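>>> Here is the input, now give the coordinates:
(one chain, ligands or ions: 2)
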Amino acid sequence: MATTRLANTPFKTEYAVKMTCDSCVESVRNVLTKVPGINHFEIDLQEQRVVIEGTAPPSLVSRRLKETGMTVIVRGQGVIRGSHGGAAVCIFESFTYTPLNKDDPAPQVKPQGLARMVQIDDNNCLIDVTVQGISPGYHGIHIQELGDISAGPSSTGGHYNPENVEHGDLEKGHVGDLGNIFVDENGWGDLVVESSRIKVWDVIGRSMVITHGKDDAGKGDNEQSKIDAHISANATPKFSIVALKNSSKQLLSTSDYAPLDLSDWKTTLQTHGAPSDLSTFVDYLSKSPTPAVIIDNTSSQEIASQYPLFLKKRLHVVTPNKKAFSGDFDYYKKIFEEAARQKRWLLHESTVGAGLPVINTLNDLIRTGDKIVKIEGIFSGTLSYIFNEFSSLSDGAKKKFSEIVRVAQENGYTEPDPRDDLNGLDVARKVVILGRIAGLDLDLDSLPVENIVPESLRALPSSTEFMERLSEFDHHFENLNQTAKSNDQVLRYIGVIDPVHNEKSVKLVSLPSSHPFASLKGSDNIISFTTQRFPNPLIIQGAGAGAAVTAFGIFSDLLKIYDSSDS
Ligand SMILES: NC(=O)C1=CN([C@@H]2O[C@H](COP(=O)(O)OP(=O)(O)OC[C@H]3O[C@@H](n4cnc5c(N)ncnc54)[C@H](OP(=O)(O)O)[C@@H]3O)[C@@H](O)[C@H]2O)C=CC1
Ligand SMILES: N[C@@H](CC=O)C(=O)O
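Ligands and ions are numbered 1, 2, ... in the order given. Next up is the predicted model:
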């Protein structure tokens, strides 16, 4: 079954060869006279057709012909005498592909392709695959067990594996393991394989899937490699981190964009990192042979102001950083326009509610034509945690306000400076972000925000000093709490957007215990969307701060890019 072995029975193959002149014909003739197993051939310049009879495998013939620089496609095969063994065609379409800008006059090439399968004799099946519009590099290609493509690759089952063996290569792996197709920098790729294990009549009615990643042919150093190399239709894709930076140092991988060793990344970054330089960092990423995403995990305005540059350099952007989306309104519009122009994603699900699907839900409500009546919620994990701990109607030993703020900081809920939570600015930013998505021309200056940082602590130069002195105000917060409690109420810090009555605010309120916001736990956020379709509000609730859930939100944005990315 090796690709250069001659077939047992002579057969006829027709190739489309892009020949433009007599010298092309001469080159083809030269090649064909040297390939073993060719009994007879005819070359037709006008029809750009070459017909070959013999036992030479088409994979070998087409490889040799392509070495002349001409485009070669296997057009069809058949036996010379006697009955035909059977043939089938599989058309590749991208299940998840959506052009980023449907109005673009020059939309990206839609991923598509074709696999022709011909049973060239009783034993050998020839599969000839051509694809276009796929990201450059190697992609695994498999015949799948099922032909159900109703849910794209995920409904096609596993690799076709009638011999019940481990995942591997064409020789010994699943019968459906065809190896990898190589796609060039223009998005074109082809592959010709011959297999004595595949029979056309066995695979008709099944399906084929081309994966985003390279197939490791079962040679990976993990258990999954023996099953599907982590690239089956349902597997979570793997991303490579090839560049890393903080405000002082950066690490870039080598010219082959191999993943960085992250086992002790903090030390490696500190000890081996080069001085931080955003421009070399972005240049390096922009030259990646596969689609690259820059993840801005800072709260830096400086980084947020560089998004147009990232997008121009054809990088997708994913971020939990609220600055770009809640700052200057013109800049906000500009970055989305640039993203559309460059056909890059600019995703920021975790800017509101960390990993909770808040922005997605709001976008979906609006895109499907719903009318937003009111959005209100507890948008700060920090303030939720603080007031859930500090203000409840149950009795029992309570911690002081300043102690609770310290725990919120230790748990990673707070902004780098907790005053950015307590002053309401972080909630205000989230309210602005949601308001803008809902179509309001909203900005931070026009939003009434209640700042609960005691006045004399606002100008302190460092967050450390602020934390040291916050206890001086424990009695002030305790008084607020007792007043609420005496009315059977609890303190909660909420944000409200009411487009119908043009009201918006961010404030500390007292709510009765029956209110859904009163019974929150931990650092949970709660966001309630009242819409025309949802007069009883659609409510999203769950942890709204902390490393794990924020990383989940970022990861889900990455998956969205992965799912749509063939460019
Ligand atoms: N924590 C949470 O629960 C959530 C956070 N977010 C958002 O996520 C972002 C990060 O928050 P968090 O991880 O808590 O913050 P941290 O302060 O813990 O981390 C910020 C990181 O950004 C780096 N950084 C700052 N400026 C630059 C720069 N100019 N270039 C490169 N790196 C820089 C810092 O590096 P260095 O140490 O060198 O300064 C640090 O590593 C913020 O925008 C926040 O609002 C969103 C949802 C939830
Ligand atoms: N500090 C923020 C983190 C997320 O944006 C919060 O407490 O919610």
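>>> Spell out which parts of the protein neighbour ligand 2.
Residues of the chain that fall close to ligand 2, judged by CB under 6 Å from any ligand atom: 354, 380, 381, 382, 413, 414, 415, 421, 426, 544, 545. C-beta: built from backbone N, CA, C; applies to glycine.
>>> okay if I get those residues as CSV plus pLDDT, secondary structure and distance to ligand 1?
Converted to CSV, the residues of the chain next to ligand 2 look like this (pLDDT from 0 to 100; DSSP: H, G, I helix; E, B strand; the rest coil; distance: CB to the nearest ligand atom, whole Å):
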residue, pLDDT, secondary structure, distance to ligand 1
354, 95, coil, 4
380, 95, coil, 10
381, 93, helix, 6
382, 94, helix, 8
413, 91, coil, 6
414, 91, coil, 7
415, 87, coil, 6
421, 95, helix, 10
426, 94, helix, 7
544, 91, coil, 7
545, 89, coil, 3
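>>> Mind giving me the PyMOL select for the residues you listed, buried ones only?
To isolate the buried members of these in PyMOL, using 16 or more other CB atoms under 10 Å:
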select buried, resi 354+380+381+382+413+414+415+421+426+544+545
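>>> For the helix or strand bottoming out on mean pLDDT in the chain, buried residues please.
When each helix and strand of the chain is scored by mean pLDDT, DSSP states H and E, strand 150-153 comes last, with a mean of 72. Across strand 150-153, burial judged by 16+ other CB under 10 Å covers 152, 153.
>>> next one: stretch 540-554
540, 541, 542, 543, 544, 545, 546, 549, 550, 552, 553, 554.
>>> Can you classify residue 484 as helix, strand or coil?
helix (DSSP: H, G, I helix; E, B strand; the rest coil).
>>> how many other residues sit next to it?
Other residues near residue 484 come to 21 when the count uses other CB atoms under 10 Å.
>>> now do the one 10 residues further on
Applying other CB under 10 Å, we find 25 residues neighbouring residue 494.
>>> now do the one 4 residues further on
By the criterion of other CB under 10 Å, residue 498 has 15 neighbours.
>>> do you know how far it is from ligand 2?
For residue 498, the distance to ligand 2 equals 22 Å [CB to the nearest ligand atom, to the nearest Å].
>>> Return the set of residues that bridge with that residue.
Counting by DSSP bridges, residue 498 is bridged to residue 503.
>>> Do I have it right that it meets residue 374?
Yes. The criterion here is CB atoms under 8 Å, and residue 498 meets it with residue 374 at 4.8 Å.
>>> hey, where'd the strands end up in the stretch 51-200 of the chain?
72-79, 87-93, 112-119, 125-132, 137-144, 150-153, 177-183, 189-195 (DSSP state E, counting those that start in this stretch).
>>> What is the third one packed up against?
Strand 112-119 makes packing contacts with strand 72-79, strand 87-93, strand 125-132, helix 200-203 when contacts are defined by 3 or more CB pairs under 8 Å, 6 or more residues apart in numbering; DSSP states H and E.
>>> Export these as JSON lines, with columns for mean pLDDT.
JSON lines is the format used below for those (pLDDT from 0 to 100):
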{"stretch": "strand 72-79", "mean pLDDT": "74"}
{"stretch": "strand 87-93", "mean pLDDT": "85"}
{"stretch": "strand 125-132", "mean pLDDT": "82"}
{"stretch": "helix 200-203", "mean pLDDT": "88"}
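>>> which one of the ones you listed has the most crowded surroundings?
Mean neighbours per residue, mean count of other CB atoms under 10 Å, is largest over the helices and strands packed on strand 112-119 for strand 125-132, with a mean of 23.
>>> Given that strand, what are its sheet partners and their directions?
By DSSP bridges, strand 125-132 pairs with strand 112-119 (antiparallel), strand 189-195 (antiparallel).
>>> okay, those strands in CSV with mean neighbour count next?
Below are the strands paired with strand 125-132 laid out as CSV (neighbours: other CB atoms under 10 Å):
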stretch, mean neighbour count
strand 112-119, 21
strand 189-195, 22
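>>> Quick check: which of these is nearest to residue 450?
strand 112-119 (55.4 Å; CB to CB).
>>> As PDB, could you dump the C-alpha coordinates of the closest one?
Provided in PDB are the C-alpha atoms of strand 112-119 (Å, rounded to 0.1, in the frame of the first residue of the first chain):
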ATOM      1  CA  GLN A 112     -14.200  24.400   0.100                       C
ATOM      2  CA  GLY A 113     -12.800  21.300  -1.600                       C
ATOM      3  CA  LEU A 114     -13.400  18.000  -3.300                       C
ATOM      4  CA  ALA A 115     -12.300  14.500  -2.700                       C
ATOM      5  CA  ARG A 116     -12.600  12.000  -5.600                       C
ATOM      6  CA  MET A 117     -12.400   8.400  -4.700                       C
ATOM      7  CA  VAL A 118     -11.900   5.700  -7.400                       C
ATOM      8  CA  GLN A 119     -11.500   1.900  -6.900                       C
END
